[in-house]
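A.B. asks: just coords:
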């Protein structure tokens with residue numbers, strides 16, 4: 001755990017998605033993953049609470 005208050009200082013970001021209109025024209029991946037550097041920043045938000053709430057969204061923030 002790098003920063004116990006990281007969830008307060010780093011804004012939560014979600015990955016991007018392809019527009020629904022574009023999805024219907026191809027069978028390509030429609031989720032745009034975050035860059036590795038941003039994934040590392042998002043990981044610093046973890047409070048290591050032992051309860052996997054963060055999979056859906058942190059209840060604290």
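C.D. replies: Everything's here; your move. Please read these numbers as outputs of a predicted model, since none were measured by experiment.
A.B. asks: Can you tell me how far residue 44 is from residue 28?
C.D. replies: Separation of residue 44 from residue 28 (C-beta to C-beta, to the nearest Å) stands at 31 Å. No exception for glycine: its C-beta is placed from N, CA and C like everyone else's.
A.B. asks: The two: who's more crowded?
C.D. replies: Neighbour totals were compared for residue 44 and residue 28, and residue 44 leads with 15 against 8 (other C-beta atoms under 10 Å).
A.B. asks: Nearest residue to that one in space, ignoring adjacent ones along the chain?
C.D. replies: residue 6 (4.1 Å; C-beta to C-beta, 6 or more residues apart in numbering).
A.B. asks: Same question for residue 30.
C.D. replies: Among residues not flanking residue 30 along the chain, residue 18 sits closest, at 3.8 Å (C-beta to C-beta, 6+ apart).
A.B. asks: so the one you found sits right up against residue 32, yeah?
C.D. replies: Yes: using C-beta atoms under 8 Å, residue 18 makes contact with residue 32 at a distance of 7.1 Å.
A.B. asks: where along the chain do the helices fall?
C.D. replies: Counting by DSSP state H, the chain has helices at residues 6-9, 20-23, 36-43.
A.B. asks: If you count neighbours, what's buried in the second one?
C.D. replies: I take that to be helix 20-23. When burial is assessed from 16 or more other C-beta atoms under 10 Å, helix 20-23 yields no buried residues.
A.B. asks: Centre of the chain to it, how far?
C.D. replies: Between the centre of helix 20-23 and the centre of its chain there are 22 Å (C-alpha atoms, centre = their mean, to the nearest Å).
A.B. asks: Please consider this matter closed, and thank you.
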